[in-house]
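Trainee: Sequence and predicted structure are below.
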Amino acid sequence: SQQGEEDPQALSIQEGENATMNCSYKTSINNLQWYRQNSGRGLVHLILIRSNEREKHSGRLRVTLDTSKKSSSLLITASRAADTASYFCATDIQGGSEKLVFGKGTKLTVNP
Amino acid sequence: ETGVTQSPTHLIKTRGQQVTLRCSSQSGHNTVSWYQQALGQGPQFIFQYYREEENGRGNFPPRFSGLQFPNYSSELNVNALELDDSALYLCASSLTRGTGIFSYEQYFGPGTRLTVT
């Protein structure tokens, strides 16, 4: 079963707009990561946020984490057509193994 | 792109057959994890190998097995293939610095697309 659930399942925006994706999870975690996948190919690691962090930035990416609500959000600012991809959140379960548990993903389309 | 490579890229097998998928980890990485990704779903953890031993397993039957070699490359073997095994199989490498000290960031290969008919 999936640990995380991304919301929305699909998002379509215009180039230059911001894109926000949300992730909810069920159990306590050590950290949460966001990955990107282009057209059913391999995943690319975007950013990792630890359970004791609330916000993290990397370039045009901003990730927030609310452990009390068991949720995270990924904001992509000033989106580009090249940002079109599926985005997944992944958690490692606190007290569990080092395996990553992925959500079903948000499919982002950025229209030029 | 990461330094993780997988072969083959695509594979078509018949139900009941056996398949071996291969993965070369990124230079300097000693841990390999395998994931199955069905169409429209997120990746599901199959198992992880560290120091040539299985180090954690997801909810997959024993007909899914693996190996890790001294050079940290890895194989995923699936016996008695079923139609539901059709999926993208992803390999990810990472660095484990010591017992219980894992690098949570994983570097994924491009995947092997397996179709079972």
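Mentor: Perfect, thanks for sending it. Note that this is a predicted model, so its numbers are computed, not measured.
Trainee: where along chain A do the strands fall?
Mentor: Listed in chain order, the strands of chain A (DSSP state E) span A:5-7, A:10-14, A:19-24, A:29-37, A:43-50, A:55-58, A:61-66, A:71-76, A:85-93, A:101-102, A:106-111.
Trainee: Which residues does stretch B:2-18 contact?
Mentor: The set of residues that contact stretch B:2-18 without belonging to it, under C-beta atoms under 8 Å, 6 or more residues apart in numbering or on different chains, is A:42, A:44, B:19, B:21-27, B:77-83, B:89-93, B:107-117. Where C-beta positions appear, they are placed from N, C-alpha and C, glycine not excepted.
Trainee: Can you point out the buried residues in it?
Mentor: By neighbour count, with 16 or more other C-beta atoms under 10 Å in any protein chain shown as the criterion, the buried positions of stretch B:2-18 are B:2, B:4, B:6, B:13.
Trainee: again, but for stretch A:92-111
Mentor: When neighbours are counted by 16+ other C-beta under 10 Å, the buried residues of stretch A:92-111 are found to be A:92-93, A:98-108, A:110.
Trainee: From chain A, how far off is residue B:31?
Mentor: Separation of residue B:31 from chain A (C-beta to the nearest C-beta, to the nearest Å) stands at 8 Å.
Trainee: circling back: can you check which of the strands of chain A gets nearest to residue B:48?
Mentor: Nearest to residue B:48 among these is strand A:85-93 (11.5 Å), distances taken as C-beta to C-beta.
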